[in-house]
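Engineer: Turn this into a structure:
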Amino acid sequence: MPCLLYRIGEEEHEFEIKSDSVSIGRMEGNDLILFDPTISRKHCQIEKRDVGYFLKDLGSRNGLFVNDERISEKLLKDGDLIRVGSFPLKYVEDTSERVCITEGDGRSDMAEGTVMRSLQEVREMLKGELSGGDAAKVKTLELSKLQRNQKILSSLADVSKELIEAVTYEEVLERVMQIIFEQVHAERGVILLYDEKSKQLIPKIIRQANQNQDTIRISQTIAKKSFDDRVAILCHDAQTDERFQAGASIRLLGIRSALCVPLMVEDRAIGLIYVDTPLRVKAYGDFELDLLSALSGLCAIAIHQAGLRTKLEEEKLAKSRLERYHSPSVVRRILESTSQEPVLEARELTATILFADLCGFTSMSENMEPKDVAKILNGFLSRMTDVIFENEGTLDKFIGDCVMAIFGAPVSSEDHAERAIKCALGMKKALKEYNLENSDKRELDFRVGINSGKIVAGDIGSSRRMEYTVLGEVVNIASRLQSYVAKPGQIVIGENTYNMTKGKFKTEEIRDVQVKGISKTLTAYEVLE
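Structural biologist: Alright, predicted model coming up:
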């Protein structure tokens, strides 16, 4: 299924094109709504037709562009860069739908018509050529062979320069495929990379000389032989080669000439390069086999390094987002968590919720300049956040002049209730220090409500915006304890929190508490210093 990729701020988004017609614009009612002043209310439309997906301008004010060319209508190709007004999108196809690895019976009787060569053979050949090799051996080489090898080495030098210029993972894949088509003159080509989770070869980029959108079918026998045995395969006419079950999959596929070369990083295969020409017999020879085998080494390293760079950038972005809400120690544990520990996925757990709200700040700020209000709030919220992080809490959100924090999520802890109370006491101390430092003599005070119990915590929201937050009655009670029970300067905790920390803090019972939205009466406790 194709999709559109785009970025809002630091967050990347993906919109799947699930229907035959998708509208894009700024107005409600579009399938993809993009709030950008350069986008018209109903800007453009993507339509599925027999040959693929077409992008069509709907009379927009600021135009529609594909790969920097203004268009009224255009057939989209995988990797096309779209600009809706000035808002950038990228069109990405699900390449797995366009490539099919078909099964044969795996019979491997030796026959003429196919050449197999280990990559080591090619490396040794080029190594000898590069170093000059044994003088006696060089003399015996035919002039054409020397010229052939020098041409391969020259191609490698040019390719290495081109690959260095590619920055992103997608650019590297595009450049590699472009190089393959230029050097080998393929009609169809696919780069497949091995996925550790699914244990399968996944197509990552496809190119066809005639832009044909038909499915490219690859013999599983050829792919498996090349990948497992680390050998480059040249099929002069795969239909006649019994080693690849000419009577079944290859004959049906119509493969007349094909090259299949593994992508190797050190001694590990990370994928395959596959090219073919369905209509021409003996389209490739030893030169193309050796050239593609030599190129595969540079391409594999470039793809591998680009993948590592992408992963590093994703980790940096994830870390920067997490650091806004979690303490450094919690961030470290989240990043170290395995796939079996989906710490940010919505799940039920036991945690403690804290609300801390400034008292009377709304009326205080009525006669203040906006910049002075912002200065006071920033000072207060910054200090409260520091204390939350010191106690390994998670900053859920700021609600005006109120702070909401979570303890025991996303990373579970046994002492989450105790940490929440220690945090509240630390916040109280930090507020006193802030008041002493405050030059305008406006003294701030706050009240705190804390409650513990089962909640649902995790990334919650829409496909356009997700936030880590918590839901449940426990959260509502904590908020009500802060709003309706706690007085200025007080820290009030719920009964569950009290039971989890009994004997660790000096408290005073508050009986028969009635709060808005909760039908039953509650027992609460004030934490005393």
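
Engineer: drop to CA atoms for contacts and neighbour counts, all remaining ones
Structural biologist: Noted.

Engineer: Report the contact partners of the nearest residue to Phe35 once chain neighbours are set aside.
Structural biologist: Nearest residue to Phe35 in three dimensions, chain neighbours excluded: Arg26, at 5.2 Å (CA to CA, 6 or more residues apart in numbering). By CA atoms under 8 Å, 6 or more residues apart in numbering, the contact set of Arg26 is 33-36, 39-43.

Engineer: For these, give me JSON lines that also has pLDDT and secondary structure.
Structural biologist: Below are these laid out as JSON lines (pLDDT from 0 to 100; DSSP: H, G, I helix; E, B strand; the rest coil):
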{"residue": "Ile33", "pLDDT": "90", "secondary structure": "strand"}
{"residue": "Leu34", "pLDDT": "89", "secondary structure": "coil"}
{"residue": "Phe35", "pLDDT": "85", "secondary structure": "coil"}
{"residue": "Asp36", "pLDDT": "85", "secondary structure": "coil"}
{"residue": "Ile39", "pLDDT": "93", "secondary structure": "coil"}
{"residue": "Ser40", "pLDDT": "93", "secondary structure": "coil"}
{"residue": "Arg41", "pLDDT": "91", "secondary structure": "coil"}
{"residue": "Lys42", "pLDDT": "93", "secondary structure": "coil"}
{"residue": "His43", "pLDDT": "96", "secondary structure": "coil"}
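
Engineer: related to what we said a few turns ago, Tyr91 versus the residue nearest to Phe35, what's the distance?
Structural biologist: Arg26 sits 19 Å away from Tyr91, going by CA to CA, to the nearest Å.

Engineer: which strands and helices sit next to whichever strand or helix holds Asn435?
Structural biologist: Asn435 is located in helix 416-437, with elements delineated by DSSP states H and E. Counting contacts by 3 or more CA pairs under 8 Å, 6 or more residues apart in numbering; DSSP states H and E, helix 416-437 packs against strand 347-358, helix 370-390, strand 402-407, strand 446-461, helix 495-500.

Engineer: please redo it, this time with the cut-off set to 7 Å
Structural biologist: Contact here means 3 or more CA pairs under 7 Å, 6 or more residues apart in numbering; DSSP states H and E; on that basis helix 416-437 packs against strand 347-358, helix 370-390.

Engineer: Can you say which of those is packed in most?
Structural biologist: strand 347-358 (a mean of 23; mean count of other CA atoms under 10 Å).

Engineer: Tell me which strands that strand pairs with, and in which orientation.
Structural biologist: strand 402-407 (antiparallel), strand 446-461 (antiparallel) (DSSP bridges).

Engineer: Touching it from outside, list them.
Structural biologist: 401-409, 416-417, 420, 444-458, 475, 478-479, 482 (CA atoms under 7 Å, 6 or more residues apart in numbering).

Engineer: Narrow those to those that are buried.
Structural biologist: For these, a burial check counting by 16 or more other CA atoms under 10 Å picks out 401-409, 416-417, 420, 444-453, 455-458, 475, 478-479, 482.

Engineer: Where does pLDDT dip in the stretch 101-250 of the chain?
Structural biologist: 102-113, 122-159, 161-162, 164-168, 210-214, 236-250 (pLDDT under 70).
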